[in-house]
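Enquirer: Predicted model, plus sequence, below.
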Amino acid sequence: MSLILLTLVAVLTYSFEIVFGLAGTILLLMALTWLYDAKTLVIYSTLPQILVGTIGLARSPKTVQWRVLGAMLTLAALGGVLGLYLFYRFPLPLFQLLLAALITLSGIYMVAAPGRLTLTPALARALDTVAGASQALFGISGPVAMTRMLATFPDKTTVRNYALAFFLGLNLFRAGGYLLNGTYTGAIVEMMVITAPFLVLALWYSNRLHFQVRETTFRRVVAWVILLGGASLFFR
């Protein structure tokens with residue numbers, strides 16, 4: 001029964017992510033931390049997030065400039081090294097508290113001051129680095145990275161595609177770190193194997209919904225999902 005629930009929730013939450021560019025793991029944690037502990041879900045999330053990035057980019061207009069993305073990912077990788085180091089040393093209660101605080105603060109800013117952030121080159125580089133650390137530590141970099149993307153790129157498809165490409169790079173890095181450290185248990189591998197076919201099918205067809213969402217709706221939904229998702233984790 002737990003695997004059936006995981007499959008249903010993962011299909012819905014990561015279909016949302018392929019449309020809006022983030023929040024699949026936030027929503028997964030909101031829905032299932034009563035059934036699985038947060039770290040198990042974060043480790044599992046590498047599979048659906050890699051699928052989201054791969055399928056979303058393959059089925060979208062080519063808006064990503066790979067030189068720009070490469071510079072962003074280089075800084076994120078440096079942050080990711082620190083994040084992986086801390087991942088194996090944080091007790092679970094502290095892990096979830098920091099996760100909730102990070103998401104909530106980003107959401108408050110994005111709801112209260114949409115479109116008001118002006119990035120300097122130094123601030124953009126800092127956000128890239130923090131996003132990498134957040135991804136490795138929490139399995140989530142959307143709140144930080146999307147703040148940077150929304151302030152940098154002019155339209156929703158470009159924002160989403162850069163987000164998908166950025167997250168794909170970070171999640172491949174994170175998955176490699178987990179493999180080297182023997183983090184994938186038999187139970188987590190079983191979760192991945194059972195849910196993967198359903199995720200591929202759902203994401204392949206859900207991607208088209210992104211192009212039907214209005215620009216203002218896209219930005220508003222992104223901000224509110226981050227805020228509500230972070231706040232809900234304080235009560236888990």
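Expert: All right, it came through fine.
Enquirer: Starting from the helix or strand of the chain with the lowest mean pLDDT, tell me the next helix or strand along the chain.
Expert: Ranked by mean pLDDT, DSSP states H and E, the weakest helix or strand in the chain is helix 92-112, scoring a mean of 73. Per DSSP states H and E, the first helix or strand lying C-terminal to helix 92-112 is helix 121-138.
Enquirer: angle of that following helix against helix 92-112?
Expert: Helix 121-138 runs at 140 degrees relative to helix 92-112, counting by axes from the mean of the first three to the mean of the last three C-alpha atoms, to 10 degrees.
Enquirer: Could you name the helices and strands sitting against helix 121-138?
Expert: Applying 3 or more C-beta pairs under 8 Å, 6 or more residues apart in numbering; DSSP states H and E, we find helix 121-138 packed against helix 66-87, helix 92-112, helix 142-152, helix 156-180. To be clear about C-beta, it is placed using only N, CA and C from the backbone, and glycine gets the same treatment.
Enquirer: Which one, of the ones you listed, ends up nearest to residue 30?
Expert: Residue 30 lies closest, by C-beta to C-beta, to one member of these: helix 92-112, at 10.1 Å.
Enquirer: Off-centre distance for stretch 93-109?
Expert: 14 Å (C-alpha atoms, centre = their mean, to the nearest Å).
Enquirer: same question, stretch 71-91
Expert: The answer for stretch 71-91 is 14 Å, by C-alpha atoms, centre = their mean.
Enquirer: next one: stretch 127-141
Expert: 9 Å.
Enquirer: what's the answer for stretch 210-221, then?
Expert: 18 Å.
Enquirer: Any buried residues in it, and which?
Expert: 210, 213, 218, 219, 221 (16 or more other C-beta atoms under 10 Å).
Enquirer: Could you save these as CSV and add columns showing pLDDT?
Expert: Formatted as CSV, those follow (pLDDT from 0 to 100):
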residue, pLDDT
210, 85
213, 82
218, 80
219, 76
221, 82
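Enquirer: Kindly indicate which of those lies nearest residue 36.
Expert: Nearest to residue 36 among the buried residues of stretch 210-221, with distances taken as C-beta to C-beta, is residue 221, at 25.7 Å.
Enquirer: Tell me the first helix or strand C-terminal of the host helix or strand of residue 205.
Expert: Assigning secondary structure by DSSP H and E places residue 205 in helix 186-206. Using DSSP H and E, the helix or strand that follows helix 186-206 towards the C-terminus is helix 215-233.
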